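Q: here you go, sequence then predicted model.
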Amino acid sequence: MSHKIEINDTVVYGSNTPAWHGLGTVFAGLLSPLRVFAEGVGHRDILEVPVVIGGLTLSGQKGLIGVTSKGVQVPLAVVGDGYGVLKSESMYRILEGVYAGQAVVDAAGTLRNGAREWCLVKRSAWSVKKGDTVLTYDLWLNRHDGSGCFELHRTNIRVVCANTWKMATSEGNRVFGVRHTKNVTQGVESALQVLGYVESQEAKQRAAAQRMAAAYMSPKQASDAFNELLGIREGVETSTRAENQAAELNRLFITGAGNSGLTRWDAFNAVTEYVDHGRSTRVADGRSGAEVRFESVLMGSGDAMKAKAFDLLSV
């Protein structure tokens, strides 16, 4: 039985490797995209139905209802008639083709009762510096609530301290986003053609990370960078929360996992460790703190903070 973040959500992990937040079901072997779908991740179907209020049908609107692997119907969203649905099975079949049947899925799942869906596919490893290996991943996001696009991001995990960070490009780590129009499937096929360009951009970002690891940064310089990241300016009143965040980042710069307080890379890892493990989260609607932080790290404000930090600290 898959662990449910909400009652109709499923999260799975392959290679016998659980996640730091403790959510989800762990499988001993490798997971392919189609195996992920077979294990219950994603909706078996998404129904498009009229929106009726008080006996009247709303013009130009339709409702989306997901059908789970158990046959439960879950309301997802009310969207315009022009909204195009990219169903879960279609997404996983697309991923099977992208990687020519060789994809190894590290993790995949749904959030918010299946309204949002994600799949993390392993790529090659590389080194920032001696003893500091980075694993690279493709992060695929699909939404069924009208909140955004079908997207591909490039994400990295630092093995030393298990911190997730952004592989920043000119638009953060997003490789592409395809809007949910009626032609969404054709849009996805066109977007996949840009992957060759992405490989060359990623090489540039690896070089940037290696330069960060070789660039000296004093505690004072790191403190100034953290203040800029948090919007703290001299002579301007600062919130207690921002001051506490800055103090924690300065501490992690020196004492964080794998850090020595000497380089721009140490400063960046202070940010990733703080976002992934120390940053407070606002919990509402009965959701757990681990779940809220997980979503923030994956596709929310925590993810954006790491992207900003990478841009700020790159040399």
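A: Thanks, I have it. Since we're looking at a predicted model, the values are computed, not measured.
Q: which residues of the chain fall in helices?
A: Listed in chain order, the helices of the chain (DSSP state H) span 33-38, 88-98, 184-191, 195-214, 219-230, 240-255, 264-273, 289-299, 301-313.
Q: give me the distance from the shortest one to the chain's centre.
A: Relative to its parent chain, helix 33-38 has a centroid offset of 19 Å by Cα atoms, centre = their mean, to the nearest Å.
Q: do the same with stretch 27-40
A: 19 Å.
Q: list the buried residues for that stretch?
A: 27, 31-37, 39-40 (16 or more other Cβ atoms under 10 Å). Quick note: C-beta positions are derived from backbone N, CA and C, even for glycine.
Q: how much space between Leu229 and Gly29?
A: 40 Å (Cβ to Cβ, to the nearest Å).
Q: can you pull the contacts of Val51?
A: 57-58, 61-63, 78 (Cβ atoms under 8 Å, 6 or more residues apart in numbering).
Q: can you flag the buried ones in those?
A: Buried among the contacts of Val51 (16+ other Cβ under 10 Å): 62-63.
Q: tell me the one of the contacts of Val51 nearest Arg93?
A: Lys62 (23.9 Å; Cβ to Cβ).
Q: let me know the pLDDT of the closest one.
A: Looking at Lys62, its pLDDT stands at 94.
Q: isn't it up against Gly84?
A: No - Lys62 lies out of contact with Gly84 (Cβ atoms under 8 Å); the separation is 11.2 Å.
Q: CA atoms of the lengthiest strand in the chain as PDB?
A: Ranked by residue count, the top strand of the chain under DSSP state E comes out as strand 116-129. Provided in PDB are the C-alpha atoms of strand 116-129 (Å, rounded to 0.1, in the frame of the first residue of the first chain):
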ATOM      1  CA  ARG A 116      -0.100  17.900  -9.100                       C
ATOM      2  CA  GLU A 117       2.200  15.200 -10.300                       C
ATOM      3  CA  TRP A 118       5.900  14.800 -10.500                       C
ATOM      4  CA  CYS A 119       8.600  12.300 -11.600                       C
ATOM      5  CA  LEU A 120      12.300  12.500 -10.800                       C
ATOM      6  CA  VAL A 121      14.500  10.600 -13.400                       C
ATOM      7  CA  LYS A 122      18.200   9.800 -12.600                       C
ATOM      8  CA  ARG A 123      20.900  11.200 -14.900                       C
ATOM      9  CA  SER A 124      24.700  11.100 -14.800                       C
ATOM     10  CA  ALA A 125      26.900  12.000 -11.800                       C
ATOM     11  CA  TRP A 126      29.700  14.600 -11.800                       C
ATOM     12  CA  SER A 127      32.000  16.200  -9.300                       C
ATOM     13  CA  VAL A 128      32.100  19.800  -8.100                       C
ATOM     14  CA  LYS A 129      35.400  19.200  -6.400                       C
END
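Q: straight-line length of stretch 133-151, end to end?
A: 26 Å (Cα to Cα, to the nearest Å).
Q: do stretch 90-104 as well
A: Note: stretch 90-104 ends 18 Å apart using Cα to Cα.
Q: buried residues in that stretch, which are they?
A: 90-92, 94-96, 98-99, 103.
Q: of those residues, which is the nearest to Thr17?
A: Nearest to Thr17 among the buried residues of stretch 90-104: Ala103, at 16.2 Å, using Cβ to Cβ.
Q: you'd agree that closest one is up against Arg35?
A: No - counting by Cβ under 8 Å, Arg35 is not a contact partner of Ala103; they are 9.9 Å apart.
Q: who touches both of the two?
A: Going by Cβ under 8 Å, 6+ apart, no residue sits against Ala103 while also sitting against Arg35.
Q: can you give me the strands for the stretch 1-150 of the chain?
A: Using DSSP state E, counting those that start in this stretch, the strands found in the stretch 1-150 of the chain span residues 11-13, 25-26, 45-49, 52-53, 56-57, 61-67, 73-80, 105-111, 116-129, 132-143, 150-158.
Q: out of these, which is the most enclosed?
A: For the strands of the stretch 1-150 of the chain, the largest average neighbour count (mean count of other Cβ atoms under 10 Å) is found in strand 105-111, namely a mean of 26.
Q: any idea of the mean pLDDT for that strand?
A: So the average pLDDT for strand 105-111 ends up being 87.
Q: ok, and what's touching it?
A: 5-6, 8-15, 17, 19, 24, 30-33, 35-36, 41-42, 116-122, 137, 291, 295.
Q: so where's this structure uncertain?
A: Within the chain, the stretches with pLDDT under 70 are 1-6, 16, 18-24, 156-177, 191, 193-201, 278-303.
Q: show me what contacts Val74?
A: Contacts of Val74 (Cβ under 8 Å, 6+ apart): 8, 43, 65-68, 113-114.
Q: and with 10 Å instead?
A: 6-9, 43, 46, 64-68, 110, 112-115, 144 (Cβ atoms under 10 Å, 6 or more residues apart in numbering).
Q: also Ser69?
A: So Ser69 contacts 2, 8, 10, 37-44, 88 (Cβ under 10 Å, 6+ apart).
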